[in-house]
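Peer 1: structure here, sequence nowhere to be found:
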């Protein structure tokens, strides 16, 4: 009983455990896994990141003359960092500590996936024709 | 002759943290028969692992089976594939895996204990337990870079190394966490009200535990010496001071005490691992494709987790089979409920710490 009273009085004057979030900042710890940042000037377009990505958040679309374009969906990404480890060029793909902000109109990923597949097929077919 | 009433309990219920469904036939207050359904949150993960994902990606997929024991699932899968392909994992990676796996056990056990306290009507203890659990979560976030999905273990090692700064913070905060966990253990062991509520409720005897093949803390509380950490050497538990916790009561009180003692043992193991962390690489490159079949049993916080992997020199595996601890504990729950008061059901279910996202997957 005595212990309980002492504890109660202590609790009345002690600081709360929670963080008053909007008033006080609540930063992520150092080394937090966040968004993937892409640097196009360093990229050699080996598409290794596309191959290893578990949810398929990185896709490349092909133009007819064989150029590739990088697409990234931060709302599909699971932030595992597998693409960063697979990338052969250091600095091309990096993981930063920020996460994606809330989005009301996320990218139309379904049609982009379709486009990526079709453009790849088109590109491979045209390459075959050239060779043949 | 009393009045017969059918009471559905779940899939959504205020006393249940997990969507399991029980249909009880009761006579006055006593339960006469039970039906269980576990398929409410089925997601088809096993099928996806066999069709859509490459074997290197499956580790990240099975981590999403469960939020609380995500490292156990990855560890089970990764160990199975490593044994299949004959990969020698560096010792430092094994130690780091052990640290994450044991910290995960700490926060999962504290969650289970908090929920049992809440269902017993002890909201204050529930809050305290969860407050201390937060420390373990923050440490894991610092170590792995994410709060719930660690994505830490991978085929051939671990994904990120432990820096000296993080190791220092870990050591400091673990000391504080250990003190708090000792206090929690003390409350769960000696509190008068909790003893009244939990002693002699939902008793699983040793014979029952053997017959229904109970796993995890409920089995150890019943006096059955079963722990995959002692039986298999998938991680270096023995050299880091693993102690098997066994009690003989078999009721809710003992189940919680097994958890409380395991939490302290886990913290000790993490401290030992940090102390004697070997130097070297954390990852080896893996070449080739899985061919053949292998299975592995790891100790998840809730009990024995079984992984079966079969491959035939293809990128996509032929079969991935997961058997989770909650599924193994359901038959004994069914047996236990018959003849029990309906009022004791929530406390008993929660004391088994069911994880339905694992079970239905």
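Peer 2: Structure's in. What do you need? Keep in mind that this is a model prediction, so the values were computed, not measured. Numbering: from 1, shown residues only, chains lettered A, B, ... in the order given.
Peer 1: pLDDT on the lengthiest helix in chain A, on average?
Peer 2: Counting by DSSP state H, the longest helix found in chain A is helix A:109-131. The average pLDDT within helix A:109-131 is 82.
Peer 1: quick one: buried residues of that helix?
Peer 2: For helix A:109-131, burial by neighbour count (16 or more other Cβ atoms under 10 Å in any protein chain shown) applies to A:109, A:113, A:116, A:119-120, A:123. In short, each C-beta sits where N, CA and C put it, glycine included.
Peer 1: TSV for the residues you listed, including distance to chain B?
Peer 2: Shown next, in TSV, are the buried residues of helix A:109-131 (distance: Cβ to the nearest Cβ, whole Å):
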residue	distance to chain B
A:109	16
A:113	13
A:116	16
A:119	21
A:120	18
A:123	22
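Peer 1: tabulate the residues you listed (a markdown table), appending distance to residue A:58.
Peer 2: Shown next, in a markdown table, are the buried residues of helix A:109-131 (distance: Cβ to Cβ, whole Å):
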| residue | distance to residue A:58 |
| --- | --- |
| A:109 | 11 |
| A:113 | 11 |
| A:116 | 10 |
| A:119 | 15 |
| A:120 | 14 |
| A:123 | 18 |
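Peer 1: what two of those residues are the furthest from one another?
Peer 2: A:109 and A:123 (20.5 Å; Cβ to Cβ).
Peer 1: end-to-end on stretch A:57-77?
Peer 2: Criterion Cα to Cα, to the nearest Å; first-to-last residue distance in stretch A:57-77 is 5 Å.
Peer 1: what's that stretch in contact with?
Peer 2: A:35-36, A:38, A:40, A:43, A:45, A:47, A:49-50, A:55-56, A:78, A:83, A:99-100, A:103, A:106-107, A:109, A:112-113, A:115-116, A:119-120, A:122-123, A:126-127 (Cβ atoms under 8 Å, 6 or more residues apart in numbering or on different chains).
Peer 1: centre of the chain to the longest helix of chain A, how far?
Peer 2: 24 Å (Cα atoms, centre = their mean, to the nearest Å).
Peer 1: stretch B:236-249 too?
Peer 2: 16 Å.
Peer 1: same question for stretch B:16-30.
Peer 2: 24 Å.
Peer 1: next one: stretch A:98-115
Peer 2: 11 Å.
Peer 1: next one: stretch B:158-177
Peer 2: The answer for stretch B:158-177 is 22 Å, by Cα atoms, centre = their mean.
Peer 1: buried ones in that stretch, by neighbour count?
Peer 2: So for stretch B:158-177, counting by 16+ other Cβ under 10 Å, buried means B:158-160, B:162, B:166, B:169-170, B:174, B:177.
Peer 1: in the lowest-mean-pLDDT helix or strand in chain B, what's buried?
Peer 2: Ranked by mean pLDDT, DSSP states H and E, the helix or strand of chain B with the weakest confidence is helix B:356-360, at a mean of 79. For helix B:356-360, the neighbour count (16+ other Cβ under 10 Å) marks B:356-360 as buried.
Peer 1: for chain A, which residues are neighbours of chain B?
Peer 2: Residues of chain A lying close to chain B (Cβ under 8 Å from any Cβ of the partner chain) are A:17, A:28-33, A:52, A:54, A:78-82, A:85.
Peer 1: among these, the buried ones, what's the PyMOL command?
Peer 2: Those of those that count as buried under 16+ other Cβ under 10 Å are selected in PyMOL with:
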select buried, chain A and resi 28+31+32+33+52+54+78+79+80+81+82+85
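Peer 1: show me which pair in the residues of chain A next to chain B is furthest apart.
Peer 2: Maximum distance among the residues of chain A next to chain B (Cβ to Cβ): 40.4 Å, for A:17 and A:52.
Peer 1: for residue 7, grab phi and psi.
Peer 2: Looking at chain A here, since you left the chain open. Here is the backbone geometry of residue A:7 (degrees, to the nearest 10): phi -60, psi -40.
Peer 1: correction: the question concerned chain B.
Peer 2: Dihedral angles (degrees, to the nearest 10) for residue B:7: phi -120, psi 110.
Peer 1: can you pull the contacts of it?
Peer 2: So residue B:7 contacts B:23-24, B:26, B:342 (Cβ under 8 Å, 6+ apart).
Peer 1: kindly recompute the last result at 7 Å.
Peer 2: B:24, B:26, B:342 (Cβ atoms under 7 Å, 6 or more residues apart in numbering or on different chains).
Peer 1: residue A:43 touches residue A:88, doesn't it?
Peer 2: No - contact criterion Cβ atoms under 7 Å: residue A:43 and residue A:88 do not qualify, at 10.2 Å.
Peer 1: what about these two, which has more around it?
Peer 2: residue A:43 (17 against 9; other Cβ atoms under 10 Å in any protein chain shown).
Peer 1: skipping adjacent residues, who's closest to the more buried one in space?
Peer 2: On the basis of Cβ to Cβ, 6 or more residues apart in numbering or on different chains, the spatially nearest residue to residue A:43 that is not a chain neighbour turns out to be residue A:92, at 5.2 Å.
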